[in-house]
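> Quick one, what's the 3D model for this:
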Amino acid sequence: MTTENTSAPTFRYSAVTFDCPDPAELARFYGEALGLPVVFSTEDFVLLGQEGAAGLGFNRLADYRRPTWPAPSQEKQAHIELGVDDLDAAQARLLALGAVRPEFQPAPDRWRVLLDPAGHPFCISTLA
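Numbers count the residues shown, from 1 in each chain. Below you'll find the predicted structure:
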């Protein structure tokens, strides 16, 4: 009879990666918004992060198609939620960095939906 090691491997959340047409542009946007430095970069991939914390990656996709949120013709692939202290001030800062505010806002008094430079929807909220 053989004894197998049945202990489960340890997993750590290390990063989430967004597909986009220009990794450097999207990394600049999120890096400035979140105060995260570039920790790895090639022409086709950029990773933002800080030692000991999960990061954000941006991967070049040659046939990338922008989400059309809220229209369903090109669904959003993912989105992130950002906690902020002041919705109006945070929105103004993100718009200055290159975000776009779509007209449709499901609950603008509680959270705002913005689009990053590659068209990914993301939310800012004082609830987080």
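
> His79 touches Ala118, doesn't it?
No - judged on C-beta atoms under 8 Å, His79 makes no contact with Ala118 at a distance of 11.6 Å. From N, CA and C alone the C-beta is placed, and that goes for glycine too.

> measure the nearest residue to Lys76 once chain neighbours are set aside to Leu36 for me?
Closest residue to Lys76 apart from its sequence neighbours, by C-beta to C-beta, 6 or more residues apart in numbering: Pro67 at 4.2 Å. Pro67 is 22 Å from Leu36, where distance means C-beta to C-beta, to the nearest Å.

> In terms of packing, which of these two has more residues around it?
A direct count of neighbours by other C-beta atoms under 10 Å for Pro67 and Leu36 places Pro67 higher, at 20 against 17.

> Can you name the residues that contact that one?
Residues near Pro67 by C-beta atoms under 8 Å, 6 or more residues apart in numbering: Gln74, Glu75, Lys76, Gln77, Leu115, Gly119, His120, Pro121.

> List the ones among those residues that fall in strands.
Counting by DSSP state E, the contacts of Pro67 place Leu115, Pro121 in strands.

> quick revisit: and His79 and Ala118? which has more neighbours close in?
Ala118 (20 against 16).

> Verify the stated contact: that one with Pro21.
Yes - between Ala118 and Pro21 a contact is recorded at 6.4 Å, counting by C-beta under 8 Å.
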